[in-house]
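Q: predicted model, plus sequence, below.
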Amino acid sequence: NAGVTQTPKFRILKIGQSMTLQCAQDMNHNYMYWYRQDPGMGLKLIYYSVGAGITDKGEVPNGYNVSRSTTEDFPLRLELAAPSQTSVYFCASSAFIGGGARGAFFGQGTRLTVV
Amino acid sequence: DAKTTQPNSMESNEEEPVHLPCNHSTISGTDYIHWYRQLPSQGPEYVIHGLTSNVNNRMASLAIAEDRKSSTLILHRATLRDAAVYYCILRDDFNFGNEKLTFGTGTRLTIIP
């Protein structure tokens, strides 16, 4: 299985440009997430989804939008990119992993630089 | 989610056991203890989780204190490939409204050849 696949792996954007970060999972997981990780820091939740058609904000949603039209795909849209959005973005999905707990499965990340 | 405290960094010699501590004195009765690790330039990966009892899997062991206010991730025989940042995370998995895994800065583990 491919697991969680993110594209692109790297991208440079100019200030004010827009782009969509793609995320797809083939594990039929209902829960999906977008995190960002700034240098030397932990991950911060941007948005999450508990199923197709249902999304909700995380800790740092400003400047981003998401949609979830299928179970497999959870794209993250950046409108009007700003230097503060320079970061590594991780997509994840989650499922029950035993004993009632849920575990997360992460993609390899998209490294975004806004100049 | 309850807060966890981990050392910023640790070093260990290759092929020796490693004990990574985590303090979580405000843990609630429904918080699971999750451990993830992040290898260089990769996304985090699940290592192990537990609720009350010690747990073992192919990657590691998790020792949970009797009062649950601390836990220790044990790598039985560290290799160079275990060099990573290790995150100890609490989450109430009984609450379906709580979706967030709260990542702190973790412990950066360096393995000395």
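A: All right, it came through fine. Numbering: from 1, shown residues only, chains lettered A, B, ... in the order given.
Q: mind checking how far A:Ile54 is from chain B?
A: Computed with Cβ to the nearest Cβ, to the nearest Å, the distance linking A:Ile54 and chain B is 11 Å. Using the backbone N, CA and C atoms, a C-beta is placed for each residue, glycine as well.
Q: do A:Ser67 as well
A: In terms of Cβ to the nearest Cβ, A:Ser67 sits 17 Å off from chain B.
Q: backbone phi and psi for the closest residue to that residue other than its chain neighbours, please?
A: Distance criterion Cβ to Cβ, 6 or more residues apart in numbering or on different chains; nearest residue to A:Ser67, sequence neighbours excluded, is A:Pro75 at 6.4 Å. In terms of degrees, to the nearest 10, the main-chain angles of A:Pro75 are phi -80, psi 150.
Q: hang on, isn't A:Pro75 packed against A:Trp34?
A: No - A:Pro75 sits out of contact with A:Trp34 when judged by Cβ atoms under 8 Å, with a separation of 9.2 Å.
Q: neighbour count: those two, which is higher?
A: A:Trp34 (28 against 17; other Cβ atoms under 10 Å in any protein chain shown).
Q: confirm for me that that one is in contact with A:Gln22.
A: No - using Cβ under 8 Å, A:Trp34 is not in contact with A:Gln22, being 11.2 Å away.
Q: wait, what's in contact with B:Thr102?
A: A:42, B:1, B:89-91 (Cβ atoms under 8 Å, 6 or more residues apart in numbering or on different chains).
Q: packing partners for the longest strand along chain A?
A: Longest strand of chain A, by residue count under DSSP state E: strand A:87-98. Here strand A:87-98 touches strand A:4-7, strand A:19-25, strand A:31-37, strand A:101-106, strand A:110-114, strand B:45-50, going by 3 or more Cβ pairs under 8 Å, 6 or more residues apart in numbering or on different chains; DSSP states H and E.
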